[in-house]
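> Dropping the sequence and predicted coords here.
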Amino acid sequence: VSTQSTGAKSKLPYEMWSCLNGQNKKEFDMLTPTETDSCAFEDLFKRRALLISFREFLYKTHSNENLSFWLSVEVYKYMNDDERKEKAVEIYERFFLPQSVTPINLDFPFTKDIESGLGLAKRDLFSKAQREIEKMLKYDWYPEFVIQSSQMKHGGAKPNPFLRSETLNNYDFVVKKRKDLY
């Protein structure tokens, strides 16, 4: 997604791309709008700073549970059978129960399919729901994030340490497991 079409001429501030891992400022310093083409949605899972910034954007728009769910499912996929059974229930209770604190917005058939597969906790139990959430992240939220990022001025909202911590922990785990992220 390019911000060229929005007519935005500003550069993305360094704060949007910096992160807690001590990476050199030059690596992220002042991306121009035309360079956001290199920040495709898929880059979220290759660049920690981009993922953190996107997570904080989702938090401000009250939709960070979508990325939390997506990352939780990525971790779930790499667990052994016993760990997956426990994690499946945890994911279900956190994101699918009506009384959940962080429910994701998916149609009832997704919930029903997951509910019926909880006992087996197969590796692909959440795959359909994860793909649906990924579509929402990619086509609904990420373009808005790029546009707002290009218009953002220095000194935006303070980062949320909990979101950074949870995001980085899941990110680091998935990166270790998925060789294609390097």
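Sure, I can see it. Residues are numbered from 1 along each chain as shown.

> Output the below-cut-off pLDDT ranges for this structure.
Low-confidence regions of the chain, defined by pLDDT under 70, span residues 1-38, 150-172, 175, 178-182.

> And the helices in it?
Shown for the chain, the helices assigned by DSSP state H span residues 25-28, 48-60, 64-77, 81-95, 108-117, 127-136, 142-151, 161-177.

> To Cys39, which of those lies closest?
Judged by C-beta to C-beta, the one of these that comes nearest to Cys39 is helix 48-60, at 6.1 Å. Just so you know, the C-beta spots here come from the backbone N, C-alpha and C atoms, and that holds for glycine as well.

> Now the closest one - C-alpha only, PDB.
What follows is the C-alpha trace of helix 48-60 in PDB, where atoms were taken according to Å, rounded to 0.1, in the frame of the first residue of the first chain:
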ATOM      1  CA  ARG A  48       9.700  -5.900  14.800                       C
ATOM      2  CA  ALA A  49       9.400  -2.100  14.800                       C
ATOM      3  CA  LEU A  50       6.700  -2.200  12.200                       C
ATOM      4  CA  LEU A  51       4.800  -4.900  14.100                       C
ATOM      5  CA  ILE A  52       5.000  -2.900  17.400                       C
ATOM      6  CA  SER A  53       3.800   0.300  15.700                       C
ATOM      7  CA  PHE A  54       0.900  -1.600  14.000                       C
ATOM      8  CA  ARG A  55       0.000  -3.100  17.300                       C
ATOM      9  CA  GLU A  56      -0.100   0.300  19.000                       C
ATOM     10  CA  PHE A  57      -2.300   1.600  16.200                       C
ATOM     11  CA  LEU A  58      -4.700  -1.300  16.600                       C
ATOM     12  CA  TYR A  59      -4.800  -0.600  20.400                       C
ATOM     13  CA  LYS A  60      -5.800   3.000  19.700                       C
END
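
> closest to Thr102 out of the helices of the chain?
Judged by C-beta to C-beta, the one of the helices of the chain that comes nearest to Thr102 is helix 64-77, at 4.0 Å.

> and the closest one with helix 48-60, angle?
Helix 64-77 runs at 130 degrees relative to helix 48-60, counting by axes from the mean of the first three to the mean of the last three C-alpha atoms, to 10 degrees.

> okay, the angle between helix 64-77 and helix 81-95?
170 degrees.
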